[in-house]
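**Q** Okay, structure incoming, though there's no sequence with it:
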């Protein structure tokens, strides 16, 4: 059976054998360049870079899923399951999938302009909003005026 994603990613088309140890890829090959948590809005090329990274991570997650499934199949037909190899491959898949989820979350926030939701009604609000547009509930934390500028009391035993 041929991997339909092998043409996209340029990797081997057959699943890994249960008897092959996973290759030790370089640290650069496992994870792309770090992604800033909130790219500045004034630079639209950051959005394009994040979209490109999202596409690369989507292909990588699909490839890792394909390889993991092929590996389990190969081990099963040979009746030789190696849990340590499966756990390592599943951990790589989990890392790539969580990174993909974070990039998707950042892109969604960037495209929608949503910074959070109202604690009262759950309606989305943009960054800098003071009141909820739907229910009018204050989105800012209320602090008593006499508490401003007063140092917080030390916990017992830390005097």
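**A** Structure's in. What do you need? Quantities reported herein were computed from a predicted structural model and do not represent experimental measurements.
**Q** The chain: helices as residue ranges?
**A** Along the chain, the stretches classed as helices by DSSP state H are 6-9, 27-30, 44-77, 83-112.
**Q** Could you report the neighbour count for residue 131?
**A** Residues contacting residue 131 under the criterion other CB atoms under 10 Å number 13. All C-beta atoms are positioned from the backbone trio N, CA, C, and that covers glycine.
**Q** what's the answer for residue 85, then?
**A** As a burial measure, residue 85 scores 19 neighbours (other CB under 10 Å).
**Q** Okay, domains of the protein per the record?
**A** As given by automatic domain parsing, the domain ranges for the chain are 6-112, 114-159.
**Q** hmm, which helix or strand of the chain has the shakiest average pLDDT?
**A** Using mean pLDDT, DSSP states H and E, helix 6-9 stands out as the lowest-scoring helix or strand of the chain, at a mean of 47.
**Q** quick revisit: and the helices of the chain as a markdown table, adding distance to residue 122?
**A** Formatted as a markdown table, the helices of the chain follow (distance: least, CB to CB, whole Å):
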| stretch | distance to residue 122 |
| --- | --- |
| helix 6-9 | 39 |
| helix 27-30 | 38 |
| helix 44-77 | 27 |
| helix 83-112 | 15 |
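**Q** so which of the ones you listed comes closest to residue 128?
**A** Between residue 128 and those, the tightest spacing by CB to CB is seen for helix 83-112, at 13.7 Å.
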